[in-house]
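Undergrad: Fold the following for me, if possible:
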Amino acid sequence: MSLQTHVELKRRGLLFILSSPSGVGKTTLSRQLLARYNNAAAHESIVMSISVTTRAMRPGEVDGRDYFFVSPQRYEEMVKKNELLEHARVFENLYGTPAHFVNEHISRGVDVLFDIDWQGTRQLAEKNPDDLVSIFILPPSLEELERRLRARAQDSEEVVLKRMAKATAEISHWQEYDYVLINQDLDQTLEKIDSILKAERLKRARQEGMLEFVNSL
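TA: Okay, the predicted model is just below:
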């Protein structure tokens, strides 16, 4: 008679980055990935990274849910004390990723999802290379990207042209990423992202409880 034993190993979470030019579908993919794991067990959960920012809170926003709203003085203090994993100025405001938020989650086996550009990805790679998994998402073509941007009807002609120019510059950094996907079909791309996430979770280095388990055999 064989005995069946359920084994559940402690896992370290990872920094899961999705980058792409505006209009490729990164934000939609991020939301769908989060929704897929919304009711998952704790060892399979994933949360969106919450940034600190110096900009004013907008109607409907909640501190600690949408952003951590801080003063410019507090922001500079966080930079000097190395409390931000990455930081950047966007127009007139400052943004950054608080180390305490990320470290608290990955130490509990919770993955942190990032929707950031190549510059933020590069900074995170310098701070947390072993915990980071990066994916760059490409459009099927620049013509299709322009069509998607115009179809959104959210931006002026000037803004669309600026986004297209920026897209070319962003795409030039595709080789800096662990994985590169072409988003021809949103559902298929989501499945590929999910497969990458599941495989990366199973890597030996992230199975922190494996050594103890093997020693107990």
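Undergrad: name the element the residue nearest the centre of the chain belongs to?
TA: Nearest to the geometric centre of the chain sits Phe114, at 1.7 Å (CA atoms, centre = their mean). Per DSSP states H and E, Phe114 falls inside strand 111-115.
Undergrad: same thing with Arg163?
TA: Using DSSP H and E, Arg163 falls within helix 157-171.
Undergrad: how distant is the helix or strand following that helix from the center of its chain?
TA: Using DSSP H and E, the next helix or strand after helix 157-171 towards the C-terminus is strand 179-182. Distance of strand 179-182 from its chain centroid, counting by CA atoms, centre = their mean, to the nearest Å, is 15 Å.
Undergrad: mind starting the numbering at 156 from now?
TA: From this message on, residue numbering opens at 156, which makes the last subject strand 334-337.
Undergrad: hmm, back to that, show which residues not belonging to the strand holding Phe269 make contact with it.
TA: Strand 266-270 is contacted by residues 168-174, 181-182, 185, 188-189, 200-204, 252, 256-257, 260-261, 275-276, 279, 352, 356 when judged by CB atoms under 8 Å, 6 or more residues apart in numbering. Bear in mind the C-beta positions are built from the backbone N, C-alpha and C, glycine included.
Undergrad: Name the strands paired with that strand and say parallel or antiparallel.
TA: Partners of strand 266-270 in the sheet, by DSSP bridges, are strand 170-174 (parallel), strand 201-203 (parallel).
Undergrad: Mind checking these for the one nearest to Thr209?
TA: strand 201-203 (19.9 Å; CB to CB).
Undergrad: buried set for that closest one?
TA: Within strand 201-203, the residues that count as buried by 16 or more other CB atoms under 10 Å are Ile201.
Undergrad: Tell me which other helices or strands whichever helix or strand comes after that strand touches.
TA: Moving toward the C-terminus from strand 201-203, the next helix or strand (DSSP H and E) is strand 207-208. Identification of packing neighbours for strand 207-208 by 3 or more CB pairs under 8 Å, 6 or more residues apart in numbering; DSSP states H and E yields strand 223-224, strand 248-253.
Undergrad: follow-up on the earlier one: so what sits opposite the residue nearest to the centre of the chain in the bridge?
TA: Ile172.
Undergrad: quick one, which of the helices and strands packed on strand 207-208 is nearest to Lys236?
TA: Comparing the helices and strands packed on strand 207-208 against Lys236 with CB to CB, the closest turns out to be strand 248-253 (11.1 Å).
Undergrad: Next, count neighbours for Val257.
TA: If you count neighbours by other CB atoms under 10 Å, Val257 ends up with 23.
Undergrad: tell me which element it is part of?
TA: Assigned by DSSP H and E, Val257 falls within helix 254-262.
Undergrad: what's that helix in contact with?
TA: Helix 254-262 is contacted from outside by 167-170, 202, 204-205, 223, 237-240, 266-267, 282-283, 286, using CB under 8 Å, 6+ apart.
Undergrad: And stretch 175-193, by the same measure?
TA: Residues contacting stretch 175-193 (CB under 8 Å, 6+ apart): 173-174, 199-203, 268, 270, 291-294, 300, 303-304, 307, 318, 321-322, 325-326, 338, 341, 344-345, 348-349, 352.
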